[in-house]
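[1] predicted model and sequence follow; I will ask about them next.
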4 protein chains.
Amino acid sequence: MKNTFGNSVTVTLFGESHGPMIGCTLDGLAPGISVFEERIAEALTRRRPTGGITTSRIEKDEFQIVSGVYKEKTTGTPLTILISNAAMHSADYENAKRLARPGHADYTAHTRYAGYEDPRGGGHFSGRITAALVAVGEIAKEALRLQGITVGTHIASIAGIADTLLPEDPLALRSTLEALSTLPFAVLDEAQGERMKAAILAAKEEGDSVGGVLETAITGMPRGVGEPFFDSVESRLSHMLFSIPAVKGVEFGDGFALCEMRGSQANDQMTAKNGIVRQLSNHMGGVYGGITSGAPILFRTAIKPTPSIFKPQKTIDIDNYTSAELSLHGRHDPCIVGRAAPVVDAVTALVLVDLLTEAFGEHYLSPTKNLFRLNSDGAIICD
Amino acid sequence: MKNTFGNSVTVTLFGESHGPMIGCTLDGLAPGISVFEERIAEALTRRRPTGGITTSRIEKDEFQIVSGVYKEKTTGTPLTILISNAAMHSADYENAKRLARPGHADYTAHTRYAGYEDPRGGGHFSGRITAALVAVGEIAKEALRLQGITVGTHIASIAGIADTLLPEDPLALRSTLEALSTLPFAVLDEAQGERMKAAILAAKEEGDSVGGVLETAITGMPRGVGEPFFDSVESRLSHMLFSIPAVKGVEFGDGFALCEMRGSQANDQMTAKNGIVRQLSNHMGGVYGGITSGAPILFRTAIKPTPSIFKPQKTIDIDNYTSAELSLHGRHDPCIVGRAAPVVDAVTALVLVDLLTEAFGEHYLSPTKNLFRLNSDGAIICD
Amino acid sequence: MKNTFGNSVTVTLFGESHGPMIGCTLDGLAPGISVFEERIAEALTRRRPTGGITTSRIEKDEFQIVSGVYKEKTTGTPLTILISNAAMHSADYENAKRLARPGHADYTAHTRYAGYEDPRGGGHFSGRITAALVAVGEIAKEALRLQGITVGTHIASIAGIADTLLPEDPLALRSTLEALSTLPFAVLDEAQGERMKAAILAAKEEGDSVGGVLETAITGMPRGVGEPFFDSVESRLSHMLFSIPAVKGVEFGDGFALCEMRGSQANDQMTAKNGIVRQLSNHMGGVYGGITSGAPILFRTAIKPTPSIFKPQKTIDIDNYTSAELSLHGRHDPCIVGRAAPVVDAVTALVLVDLLTEAFGEHYLSPTKNLFRLNSDGAIICD
Amino acid sequence: MKNTFGNSVTVTLFGESHGPMIGCTLDGLAPGISVFEERIAEALTRRRPTGGITTSRIEKDEFQIVSGVYKEKTTGTPLTILISNAAMHSADYENAKRLARPGHADYTAHTRYAGYEDPRGGGHFSGRITAALVAVGEIAKEALRLQGITVGTHIASIAGIADTLLPEDPLALRSTLEALSTLPFAVLDEAQGERMKAAILAAKEEGDSVGGVLETAITGMPRGVGEPFFDSVESRLSHMLFSIPAVKGVEFGDGFALCEMRGSQANDQMTAKNGIVRQLSNHMGGVYGGITSGAPILFRTAIKPTPSIFKPQKTIDIDNYTSAELSLHGRHDPCIVGRAAPVVDAVTALVLVDLLTEAFGEHYLSPTKNLFRLNSDGAIICD
């Protein structure tokens, strides 16, 4: 299923950069979850390009929930959010229309869709489409919040400039994650954040762009969720993470650094006291054999530098397959790492509500748990 | 679907380490693909622990194809391969039975399955189960071979000791990949391979283990395969790769290294001559917007150090959640990186036949293409 | 997947009767299919209640295609159609709001969604939601038309009054099916149609309703499509047909009548001449072992009488589970059999494009077939 | 997914009539369900052809559970059952090998698989494959039994000779269903059963065959299970039922008979007393808007006459598409209606465990419910 993902809770994504609107349908989430439109608006704003270090293109994310919500709570039937594409400057892309932008999907989309693709602004391949994921992801986050599960992402590095590490203590980690979700530029160390911004501006001045690494943590996730093999927590999360445009790497726990460790360093040893199990470390990022241990889930995501740059580039005319030189104009974000953080949070939350619903049933995330439904006394009988 | 994966071509995995047999069902592959049992046997041997640097446990992989093959060709209906678990030394695991082995899934499986899991040798979580993927993967590789598509993996590093790089030229790359598939220890530079083996033996002598990185390349893959978002080639491959036990990181093209590049360095520029498009570099690993460009697909997989080590480790008794110390005995592989290479090749081949079948139909991979079926002249009519 | 169906071509349905709009996302259909908005409007009109024998509720189906179409052709990415709910007379349902309407889903939805369901007009359970299927189904029908495949449905009976039989000759059948698609009341025998209408009006006058049987035929479907077991053509079609509200039975070919035949009567014998295979009968409805034979596919669908009737009925108050008597007011259709015909056509067309795409690839339905993509000469190579 | 079905609990089917074995993998069922091998053996025996009224072909169903069971309980990981094909009389089919048997899938399979299909005994299309569904279905039935859910099927009619009706009272119905599951020829009225057997023998003597109708009931199913539209209980059940070879019709509740009723007759009115809801009738078969009401689920399945008959039939040579006459020899069952009853029970049980697991989580069907897993006190924390 191409634009639908999930087993028990699914998202279906649609829309193009320059069409009238984009949207997403969230299906299978428990009934009774409160829908706070202002939180959705805030999450969309964090994804939006703003101010000095980002593009000055005005992108106003007006959204409408057209189904699946009644009296400000989820009904349990499909929830569709539409986001208007208010500002369509198709003219900006007129030059790029027939020249494949290097690093973008213009050439591959052209071969994939036999020339019928919507070429305006990257069409369905635009990073803008992720706004719809951010919107429904906020509802998933609210469902997680009711269960004491917190997701948060910080900018681990941009252009090689590193943020400080996340705290190891789960309670401190949780507070940190909650604070991160409100920051427009999600770093723990503000001074390092300023250095990152300087690097972004330096690249911008040269008509170039930079990339970086996002680090995500999840606290409060119950143990025993996930599966060996194809439905491992890592498999499900990475599937979603690699669907975000610009993501080119995903690692869990210490990830690639584990390859240079000895087993005695990498294994997370355990102790138990009064029946409470504790890990002495978390090199594996809280997942063993595809299943959560109850420790924080940790992963990092590699975001490549924005492919839209202003330096001249060699490319091809995709209509007649001849060589050409492309010089982009208009407004493009020299770094999307910070804006990708709410997208990573959103898709993570969507995977978690799917995993929890699959494991514990569609009522696990419901505020009322609907326990009366399990009472067979109420079963209808005929007479 | 927990132990079934794929859209158009699916695999279903079953079995436990110490049960009578493990197996895999491959469904949806085109009819008419030749099945060479000796190649399956060879691939299983490459996954098998052998000789000095690996465990001396004798693990004889006798297999039987019980369905889906007629006259040595695939029929197009489900193909099931069973592999006997000849050597079951349950006694080896008797000590570990109630103590959770750090780095393994013992504890998480116990919480996940409420104590009903098969505890012998890791049960369904054993790396042994991947033998079944290797077996059906070999049939997928044969289907790819008919289309001129080659998959191969080398050991990029073990314990920080790096192999040389793969050649960039696609034809040279293809020859290299074909040669790699026959090697018991898949390195390009034999001298570096010897240093890796020395590092493995050094760890082994200390009762410890090491990890490493595998690098995989695919040549001959048609352009225009894959999807934006959830069915991106990266999403589909990473989903499968992270289902292999011990994989903790996946990166495409230059992966995490892209995060420190400028866009002008990372973008793959293009030229065209006589309608033939050429990339001037391949930093993205042959996938743009989730879709293949026709350039080689490149990715790296992080394999953690073997969790089974002989040093004493702190852990818990999973029956009563009390602290304990675990000292493993028996025979365990101090490094599984080399043995993981045929597993990575197999799951890669399985994802590729799935992507190709989905894109071009179930007859694309068939040797006869079954073109006559599209001829409406032969349609039955009633009279 | 609750509101998403299909393997290679999927539909995702959303919306409630009295929400701002309903809609459907069609994903995976080939690029390049022409989208004729006027045909969609006509199909929606056939589903709309009109005139004497149906409800006089004015239900204007204004729709907007918001994604997946560029220059009036499908792009191959998700195609979403939104249909406005112009006329929301919530007041009509005020009385029924807390009393479960017998034959409707009010009570079961209330237990299923723990009281969070949208109760207005049946919410997501409303037959109105099928308008979205009719809209995207029309695009599927256009894709089939390009391949010479025709789908059509007639009213086989209403209230026991039977229409004449469909012609057996495939060419005559095809012309008949094409004509049926344009009729507001799809009967072959107008006189019988008048008797049906009289029966509907008689029921209406008594505040009651009637049901009937729809008979559908498909011509031009290639042989060799479908699967043994779970993806049999019958399984896939029946899955979709039973998702239409009010459908309570589905039979293929002679269906239940086969149960009283001998094998010698039921088997469809065959002959061949110049390599052209002919069936001597079509009792099985063109499907053998789950796979099409090339003969017309034939099935019948049982549509129950409209549950909304004006006679007083015993029911319960779903808020406190006490007995009550319900007297419905407002405007309700005394027979939905005729209006269900375009819905059956639509879901049939959606299943067929899914089956064909799965079998022959996503380009099979494309007008250009995109054959150049299979040409390996054009593959990108790096240098 | 061609030979895999289910959302949360899946079955994957493999094997051919004359291969070494057939089998089925059941995945996603709760851990801790007791596996009684003798019950599986009994269910297989009910499906087996025996004695006068059926074929005298000796078909001994020796089976082995090779994974997913530990200490006689399900582990929660994939459970595979293999059934040996002891008696392979390929010679019986030698004559039929190149002539398509009318009513069978020989011709359609040949076009579908381009001539690579296993032609012996119908290959993967053989009714024998359903034995594997019966085997895993018995485990599903045990899981349902623990929840007080009973499934049973009687022969409603054979060759037009009708059995008496099932009792309407749910408790009486439950006892009846339990008794039916032990009968070799599942009729309520033995005298009518004898008449059916006489009709079968009469057909057999003429080298012909007969069909019939199976009627299935389910008691104890909780209300509020199922979905509007594509995952309606009717959709899911019919999908599975139509995958059984020889099924050509499915109707729920009064089914096609509803089409001649008025709404006032068809609607199931309700009352409530002390919070207990009662339906006054069950014309809809316990499903409204795709969701269970708690009333018994009722449906009927049309089984066509056995296509293997001994009368000469016109057919084609599938190798060269020329006309031919086929005279079958060997042993064939003149009626499979009775043997299909345990198959219908099995697939019904498989759909029900899938629906329940999806709705209430994978632990709902577990005997321990695993409630401790929901206790967050035990969550691992790092320190």
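    Happy to help now that I have it.

[2] list the residues that contact the residue most central in space within chain A.
    Nearest residue to the geometric centre of chain A (CA atoms, centre = their mean): A:V344, 2.3 Å. Residues in contact with A:V344, defined by CB atoms under 8 Å, 6 or more residues apart in numbering or on different chains, are A:153, A:214, A:216, A:241, A:244, A:301. In this view, the C-beta of every residue, glycine as well, is placed from N, C-alpha and C.

[3] show me which of those neighbour chain B.
    A:L241 (CB under 8 Å from any CB of the partner chain).

[4] A:E358 contacts A:N7, correct?
    Yes - if you go by CB atoms under 8 Å, A:E358 and A:N7 touch, sitting 5.3 Å apart.

[5] the helices in the stretch 251-383 of chain A, which residues?
    A:263-266, A:337-360 (DSSP state H, counting those that start in this stretch).

[6] to C:R101, which of these lies closest?
    helix A:337-360 (29.7 Å; CB to CB).

[7] chain center to that closest one: distance?
    6 Å (CA atoms, centre = their mean, to the nearest Å).

[8] got phi/psi on A:R47?
    phi -80, psi -20 (degrees, to the nearest 10).

[9] filter the contacts of A:V344 down to the buried ones, PyMOL style.
    Here is the PyMOL selection string for the buried members of these, based on 16 or more other CB atoms under 10 Å in any protein chain shown:
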select buried, chain A and resi 153+214+216+241+244+301
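
[10] would you turn the contacts of A:V344 into JSON lines with distance to chain D and pLDDT?
    Formatted as JSON lines, the entries for those read as follows, by distance: CB to the nearest CB, whole Å; pLDDT from 0 to 100:
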{"residue": "A:T153", "distance to chain D": "19", "pLDDT": "98"}
{"residue": "A:L214", "distance to chain D": "21", "pLDDT": "98"}
{"residue": "A:T216", "distance to chain D": "16", "pLDDT": "98"}
{"residue": "A:L241", "distance to chain D": "23", "pLDDT": "98"}
{"residue": "A:I244", "distance to chain D": "26", "pLDDT": "98"}
{"residue": "A:T301", "distance to chain D": "22", "pLDDT": "98"}
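
[11] of the contacts of A:V344, which belong to strands?
    Per DSSP state E, strands hold the following members of those: A:153, A:214, A:216, A:301.

[12] grab the nearest non-local neighbour of A:L165.
    A:L188 (7.9 Å; CB to CB, 6 or more residues apart in numbering or on different chains).

[13] that neighbour reaches A:L173, doesn't it?
    No - with contact defined as CB under 8 Å, A:L188 and A:L173 do not form a contacting pair (11.1 Å).

[14] looking at these two, which has the bigger crowd around it?
    A:L173 (22 against 19; other CB atoms under 10 Å in any protein chain shown).

[15] wouldn't the more buried one be in contact with A:G220 here?
    No - contact criterion CB under 8 Å: A:L173 and A:G220 do not qualify, at 10.0 Å.

[16] mind listing the shared neighbours of these two?
    Contacts common to A:L173 and A:G220, judged by CB under 8 Å, 6+ apart, are absent.

[17] the helices in the stretch 101-250 of chain A, which residues?
    Using DSSP H, counting those that start in this stretch, helices in the stretch 101-250 of chain A cover A:106-112, A:130-146, A:170-180, A:190-205, A:233-241.

[18] for chain D, see how far away the nearest residue to A:G15 once chain neighbours are set aside is.
    Among residues not flanking A:G15 along the chain, A:I22 sits closest, at 2.7 Å (CB to CB, 6+ apart). Distance check for A:I22 against chain D: by CB to the nearest CB, to the nearest Å, it reads 24 Å.

[19] could you say which helix or strand holds A:I22?
    According to DSSP states H and E, A:I22 maps onto strand A:21-27.

[20] for the nearest residue to A:A346 once chain neighbours are set aside, which residues are in contact?
    In space, and not counting its chain neighbours, A:A346 is closest to A:G137: 2.4 Å by CB to CB, 6+ apart. Contacts for A:G137 (CB under 8 Å, 6+ apart) come out as A:43, A:342-343, A:345-350.

[21] ok, back up a step: what do A:E358 and A:N7 both touch?
    With CB under 8 Å, 6+ apart, A:E358 and A:N7 have common neighbours D:S8.

[22] so which of those two has more stuff around it?
    Taking neighbours as other CB under 10 Å, A:E358 and A:N7 compare with A:E358 leading, 28 against 19.
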